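Student: Give me a model of this one.
(2 chains, ligands or ions: 1)
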Amino acid sequence: MVFFAANHLTFTRNYPLINRQTGGCMMLTLRFDENKCLACETRDCLTKCQYLDMDVEEAALEIQNIIQGKDSRVLHECRTCYACEEYCPMGNHPFYLIVSRQEERNIPPLPEPIIQQGVQLGIPFRGEPEISEINGPVLNMGVFSQLSHLAQGKLFDGLTLISTDKRKMHHYFCNLMYLHFARISVINERVPDIIQTIAAHRPTEVVHFHDECYGTYNSYAQAFGIDVPFKSIHLFEHLYNRLVELKEEIRPLGYKVAYQRPCSSRLSPDKHLFVNKIFDLIGVEHVDREYVDENALCCGSTILSQRQKGSRKFCLDLQNKNITDMKKAGAQLCIFNCPACMQTIGKQVAESGIMPIWMSDLCRMAIGEKPA
Amino acid sequence: MDSIYAALMDIVGEDYVSNQTEELFTYSKDLGTSEPQWPDYVAAPKTVEQVSRIVKLANEQKLAVVPLGGGLSLAGLALPLRGGITLDLKRMDQILELNEQSRYIVVEAGISHGKVTAYLHKHAPRLMHSEPGAPAAATIGGNLAIHGQGDLAHPYGFNSDMINGLEVVLPTGEICRFGSCAIGNDWYTLHPLPDLQLFLGWSGCTGIITKVSLRLFPCKKFQEQDLFIVQDENLVPEIIYEMTHIGMAEDIMAISQEIPPPFNRLHCILVNISGDSKEELEFKRQLIFDGKLARYIEDGVGGIGAVGQKIERPQVSKTSDWRKGGGFEYVGSIVPVSYYPECYRRGSEISARHGIPYTVLGRVVGSSHGMMFSWTYAFNRADEETVRHAREALHETDRMVLELGGTLWKPAVFGQKLVMDRMDPNTLQMMKKVKHLLDPNGIMNPGNWEVA
Ligand SMILES: Cc1cc2nc3c(=O)[nH]c(=O)nc-3n(C[C@H](O)[C@H](O)[C@H](O)COP(=O)(O)OP(=O)(O)OC[C@H]3O[C@@H](n4cnc5c(N)ncnc54)[C@H](O)[C@@H]3O)c2cc1C
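Tutor: Below you'll find the predicted structure:
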C-alpha cells in the first residue's frame, strides 16, 4: 500500500508546526530538573569540557546562571560538541539547556547566514515521499540516502531501507544538527513530522544508520516529551548482533584502528560500548590513544565556521591534534560512522597515511565481504 | 544539383556539407528561447583556406555566412537570421604549438575549451588557460567572439584580454594575422603594433577567427574552492573588494538562487584558490578568512560555508532541472561590482513576476574592475507559456540592465538594439563604418549588431 505521510501536520514556509486540525502551534519544552544540578557535586558537564577551562566553583556559578536564564560565558564559548550530555552524572540535559538558552538569548555560535543556510538545507523541496508499509524491521538512512550503498551484504539482510531517494531524504532528516546552530525551535517544529513519516512505514523496529537519528528519537525526543511510536536501534548494536549471528564467518582482521567518535554518540553513551565489542569480535585492535571515548575530539565540522575569534585556526589545530594522536598510537585505519566527520577529516586522515573506512565496511570485511 | 551546394562540396568535400532538412533542423535551433532559424546550407571546413573560399563564394552569391562554434552562447547569436550558410567550425580543432616557456598555445579556433584543458593537463600540467563555466564543448573562437570570461577572470580579466595573436578570415575572404605572428614571428604577443583587431566581441559580424594564440598561466598543484556566505546582499561588494585587495584568489563568484533552498536569499561567494603546496594554500586561506573577513565572522553577518572543496563551476543550467522541460537562458551583463545588490534585488523581482525561481550569479572580472552578472530564467520547452514568460523576463532584464547603467554582455538581437539605441551617435557611426569597410556585402552573421 502506498500513501502520503504527514497528512494532518504541515509546515508553512517559515516552519512553525501547524496542526491542520486545531490550527495551533505545538510548544515543546525541555524536561530539565534543576534540582539534579543543585545536588551535583562534580559539575562534570563543565569541568570535564575539553574546550572550556573551568573549575568546580566557576562551573557551579555558570550552571546557575544558565539555569536562571542569565548570561554565561558558556553560552558564548560552547563549541557545541554535545559531550556534556554524556558527562552529566545526573542524567540531566545540560547540552540541550545550553542550546535552548543560546537561542533564547540570541547568542548563536555560528554567523547568521550559516545558520540560515543550514536551516534551509533541511527544507524538502522535491515532493512528498511515497510511503510503503513495511511491517518489519527497517534501516533508516535519514538524510544520507546517497550512502545507501553502504547497507549491503549479510549484515543488512532482512532490513528494508527507507529514505533511499535523495530527492526525498529531507522528509527523513532528524534535524538534530541544529543543536550546533542554537535552533532548538527548528528541531521542535520539524521533528514530529519526521517521526510521522518514519512511523507511516509501520516498522516493527528502526535501525538508524546515523547516531544523530538514534540520538534524536531516543534522547532528544524524550527530553522534550515528543512521542516516538517506533522502537529505535543503534546501528552498532545491530551490527554487533548480526556479527554474533555470523560468528562462524568472521576472520579476524588484525588491523590497528582508531575510531572517530561523532558528537551525536554523546547522546547514546550506552551504545558507544558496542564500538569495542565489535572491534573485539572482529579482531581489530582499538589503539590506545589520548583522544578516545569520553575524551574524543570533535571533527571540527561546525567549529570551523563559528563566530568566536580564531575559530578556523582553532579547528585546524584540533583536527591536527586528533589525527596526530591517531598516528602516534599506530592506527592503520580510522573508523567512521558519521558522514559529517568523514567529510570533514576523512581526506586529512588519508593524507596522514591512515585509511578512513566506514564501520559498516569494516564489519563486512570481517565476514569476507568487499567494502562498498 | 544546386550549384551552391556543388561549390561547397567542392570546397569541403561531400561529407562536410548538407542542405538536407534533417541536418539543417539541428542547426536551426539553439538552447535558449529563440525561435528556430533555418540555414540553407551547413558546411564544416577543415582549413583556413576552405573558410576563405566559402566566404568568397558567399560574397559572389550574396549569401549570409554564420560562424558556429559550440552553439552554446544561448542568445541565438549563431542562428542564421537571414538563412545562408552556417559554417560549423568544430573540425578546425588542431593544437598547432605549445610554448611552455613563453606560456602560450596556438590553436585553431574551432577547438573546444574542454580539449585545450585536456591537452594541457596531459602535456603541460603546470599551465592552464581560462576556461569558461560553459559546457566543455564551447569553442575558443566562439568565446572570444562574445568576450567571454573564465576561471581566471579575477587576476587576468576577460578571456579576450588573454590572447597573443589572431588569424582571421575577413568577410571578403582575405586571411589576416594580428600580433607578432603578422610579421612572421612566433605568436608571443598581440601588442605593440597598431591596434587593428576588430573581431573580438563582434559575434562573428566582422570576420571568422581561425587561429588564436592563447595565453597560459601557472596551474598550481593543489586547487580548492572555499565558500563565504552572507545574507545581506549589500555586503557583497565590500567583501569582494577586500578579497580582490588581498589578490589571493583565481576566481570569485557570488551566487544566489531560490532553488535549492540552501541558496535562497543567501549570497554564496565562491573563492577558488590554488597553491603548489599545502602551506601555500593555507597561507592564502589565512589571508582571506583570518584577515579581512574575520570581522564579518565575529559580527555574525558572514560565515565560512566550506573550505577545501573540489572546484566546481556553478551550474546555472541546473536551474532548468527544477522545472520540467529543461530549458533555460540567461541575460549577461558587465556591471561595476557595487551594482550587485541592486542587480540581485531587481532580478529576483523580475523572476517572481514571471513565476520563475530566481537564479543570479556575479563573477568578478579583474581586481573588482567589473563583474559579469547574469540572470537565468528556466522554462519548459514543451510549454509555450513558460517559454513566453522566460522570453519576457529576458527582455525586461535587458532593459533593466541598461536602466541601471550596466552593459549587456553577448546580448541577443533584442538587447543589441537597446544598446545601439543608447550608443553615442559617433561611436555608432564608427561601428557602421567598420562593418561596411570590412563586410561591404553585409554577409557576416547579418541581423546581429546591425546599425540602421
Ligand atoms: C551553462 C552555461 C554556462 C556558461 N558559462 C559561461 C562562462 O562562465 N563564461 C562565458 O564566457 N560564457 C559562458 N557561457 C556562454 C557560452 O556558452 C560561452 O561563452 C561559449 O564559449 C561560447 O562559445 P561557442 O563555441 O558555444 O559559441 P557559439 O555560440 O557557437 O558562437 C557565439 C558567437 O560567436 C560567433 N562565432 C563562433 N565562432 C566564431 C569564430 N571562430 N569566429 C568568429 N565568430 C565566431 C557565432 O556566430 C556567435 O555569434 C555559458 C553557457 C552555458 C550554456
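Student: In contact with whichever residue of the stretch 201-350 of chain B sits closest to chain A: list those residues for me.
Tutor: Chain A sits closest to B:G303 of the stretch 201-350 of chain B, with a gap of 3.4 Å, by CB to the nearest CB. The way it works is simple: take the backbone N, C-alpha and C, and place the C-beta from them, glycine included. By CB atoms under 8 Å, 6 or more residues apart in numbering or on different chains, the contact set of B:G303 is A:L110, A:P111, A:E112, A:P113, A:I114, A:S305, A:R307, B:F228, B:I229, B:V230, B:Y296, B:I297.
Student: What is the neighbour count of the fifth one?
Tutor: I take that to be A:I114. Here the count is done by other CB atoms under 10 Å in any protein chain shown, and A:I114 has 29 residues near it.
Student: Show me the chain divided up by domain.
Tutor: Let's take chain A. A:2-104, A:112-237, A:249-366 (automatic domain parsing).
Student: should've been chain B
Tutor: Following automatic domain parsing, one finds the domains of chain B at B:3-88, B:95-218, B:222-409.
Student: are any of the contacts of B:G303 buried, and which?
Tutor: Applying 16 or more other CB atoms under 10 Å in any protein chain shown to those, the neighbour count classes A:L110, A:P111, A:E112, A:P113, A:I114, A:S305, A:R307, B:F228, B:I229, B:V230, B:Y296, B:I297 as buried.
Student: pLDDT at the spatially most central residue of chain B, what is it?
Tutor: Closest to where the C-alpha atoms of chain B average out (CA atoms, centre = their mean) is B:G148, at 3.1 Å. The model reports B:G148 with a pLDDT of 98.
Student: That one and A:Q117: what is the separation?
Tutor: 30 Å (CB to CB, to the nearest Å).
Student: Tell me, how many residues neighbour B:Q286?
Tutor: For B:Q286, using other CB under 10 Å, the count is 14.
Student: What residues does it make contact with?
Tutor: A:K313.
Student: which parts of chain B sit against the ligand?
Tutor: B:66-74, B:77-78, B:89, B:109, B:132-135, B:138-139, B:141-143, B:145-146, B:148-150, B:203-204, B:208-209, B:316-317, B:445 (CB under 6 Å from any ligand atom).
Student: thinking again about what came up before, any chance of the domains of chain A in TSV, plus mean pLDDT and distance to chain B?
Tutor: Formatted as TSV, these follow (pLDDT from 0 to 100; distance: least, CB to the nearest CB, whole Å):
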stretch	mean pLDDT	distance to chain B
domain A:2-104	81	10
domain A:112-237	97	4
domain A:249-366	98	5
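Student: can you list those in TSV and add distance to B:Y330?
Tutor: Below are these laid out as TSV (distance: least, CB to CB, whole Å):
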stretch	distance to B:Y330
domain A:2-104	26
domain A:112-237	22
domain A:249-366	31
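Student: Let me know which of those domains is the nearest to B:I4.
Tutor: Closest to B:I4 of the domains of chain A, according to CB to CB: domain A:112-237, at 51.3 Å.
Student: Figure out how far that closest one is from the centre of its chain.
Tutor: A distance of 11 Å separates the centroid of the chain from that of domain A:112-237, by CA atoms, centre = their mean, to the nearest Å.
Student: Quick one: end-to-end distance for that domain.
Tutor: 38 Å (CA to CA, to the nearest Å).
Student: Now do the buried residues in the lengthiest helix in chain A.
Tutor: Longest helix in chain A by number of residues (criterion: DSSP state H): helix A:311-328. Within helix A:311-328, the residues scored as buried using 16+ other CB under 10 Å are A:S311, A:R312, A:F314, A:C315, A:L316, A:L318, A:Q319, A:N322, A:I323, A:D325, A:M326, A:K327.
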